[in-house]
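Novice: My questions are about this predicted structure, shown below with the sequence.
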Amino acid sequence: MSVEGPQLPVGTQVVLRVARPDSDGGTAQRGATGRVSGVTPDGRYLVHLVDGRDATAGRDQLSLRTAYQDEAVAVAQVDGDELVRDHTVYAAVVGSRAFGLATDSSDTDTRGVYVAPTAAFWSLAKPPMHVDGPDPEWFSWEVERFCELALKANPNLLEVLHSPLVVRQTPLGEELVELRQAFLSQLAYQTYSGYVLSQFKKLEADFRRDGAPKWKHVMHLLRLLLAARTLLAEGKLIVDVGGDRERLLAIKRGECRWPDVERWRLSLHEELDRALAKTVLPATPDVGRVDAWLRSVRKRSIGDA
């Protein structure tokens, strides 16, 4: 009988999870520490204990030393799905449906913000800063993490707050939406430009591999440029592409000539740079206002369970 799964190398530090007979006719107690010294013909591990005795044990009777220590001091983890179900203050549909670019096959992607009870942070087991689920295509951030990322002008998070398709909003969620202007700043020029660059790299890879772009990547690049241009020029983030919808969808379907598309892309880059030079946005976000609100949220959430 051989060891199932990856074999622990000789020398690995392990801990007995259960009491095992030792080489002296006695018992090696649960928690005894040693090193793997070999494998028996029937698939058990030989363990040389720190006091000089030897014992044998199956893989399910051993823990890696560091893992055993973690298990020994573990406390019950906060249920992330429960946080999303019971403490979401704001959620909105994002992606193609929010952009006004949905087709019959488009997914419905939802992003949310939950407020973990303040007392949950007083435990050794801190609440998760994000949760994927519990519903399909639903991803959420704890409010503090959401604020951190939105203050850094992360486009994905800014667009959550400005989505026209809100699906859940509590009084705290209303306060967060009222605060959304405080997150906007000229940092958006760098972050949106970074996202545009990532899309452009995908285009280059498409051309190298296939000799033509994936038109969906082209559409997303242009949408990002349109959103960034309006944000910097007018100081407001408009998620729905509005009058550019048909043009963008035609590009996604591959119905436009590449030289025409490239001409539009380059003109949008120029417009973005001009918008930055005259932008009404502040150089940095209103961190103080957001921080004061977050502090008030924590105080008001002390009694929550």
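Specialist: Structure's in. What do you need?
Novice: tally of neighbours for L124?
Specialist: Per other C-beta atoms under 10 Å, the neighbour tally for L124 reads 8. Every residue, glycine included, has its C-beta placed from N, CA and C.
Novice: Quick check on it: phi, psi?
Specialist: phi -70, psi -30 (degrees, to the nearest 10).
Novice: so it touches V75, yeah?
Specialist: Yes - at 5.0 Å, L124 counts as touching V75 under the criterion of C-beta atoms under 8 Å.
Novice: Poorly predicted segments of this structure, please.
Specialist: 1-5, 73-74, 305 (pLDDT under 70).
Novice: dump the residue contacts of the closest residue to D304 other than its chain neighbours.
Specialist: If the residues on either side of it in the chain are set aside, D304 comes closest to P117, at 3.9 Å by C-beta to C-beta, 6 or more residues apart in numbering. By C-beta atoms under 8 Å, 6 or more residues apart in numbering, the contact set of P117 is 87, 127, 301-302, 304-305.
Novice: Top of these by number of neighbours, please.
Specialist: H87 leads these on contacts (other C-beta under 10 Å) with 23 neighbours.
Novice: List the contacts of the residue lying closest to that one once chain neighbours are set aside.
Specialist: Nearest non-adjacent residue to H87, counting by C-beta to C-beta, 6+ apart: Y114, 4.5 Å away. Y114 is in contact with 83-84, 87-89, 131, 140-143, counting by C-beta under 8 Å, 6+ apart.
Novice: How about E142?
Specialist: Residues near E142 by C-beta under 8 Å, 6+ apart: 83, 113-116, 127-130.
Novice: run the last query once more with 10 Å
Specialist: Shown in contact with E142 (C-beta atoms under 10 Å, 6 or more residues apart in numbering): 80, 83-84, 87, 113-116, 120-121, 126-131, 148.
Novice: One more: W293?
Specialist: W293 makes contacts with 143, 147, 172, 175-176, 178-179, 182, as judged by C-beta under 10 Å, 6+ apart.
Novice: before we move on, back to that, just the ones in strands from the contacts of Y114, please.
Specialist: Judged by DSSP state E, those include 88-89, 131, 140-142 as members of strands.
Novice: which two of the residues you listed lie the greatest distance from each other?
Specialist: V89 and V131 (13.7 Å; C-beta to C-beta).
Novice: quick one on the thing from earlier: including distance to E271, could the contacts of Y114 go into a markdown table?
Specialist: Formatted as a markdown table, the contacts of Y114 follow (distance: C-beta to C-beta, whole Å):
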| residue | distance to E271 |
| --- | --- |
| L83 | 42 |
| V84 | 39 |
| H87 | 41 |
| T88 | 37 |
| V89 | 36 |
| V131 | 38 |
| S140 | 34 |
| W141 | 31 |
| E142 | 36 |
| V143 | 35 |
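Novice: With respect to S105, which of those residues is nearest?
Specialist: S140 (24.7 Å).
Novice: can you tell me how far the closest one sits from G235?
Specialist: S140 is 28 Å from G235, where distance means C-beta to C-beta, to the nearest Å.
Novice: which one of these two has more residues nearby?
Specialist: S140 (28 against 13).
Novice: List the buried residues for the lengthiest helix in the chain?
Specialist: Longest helix in the chain by number of residues (criterion: DSSP state H): helix 187-210. Of all the residues in helix 187-210, those buried under the rule 16 or more other C-beta atoms under 10 Å are 187-189, 191-193, 195-196, 199, 202-203, 206.
Novice: swap in stretch 289-300?
Specialist: For stretch 289-300, by 16+ other C-beta under 10 Å, it's 290, 293-294, 297-298.
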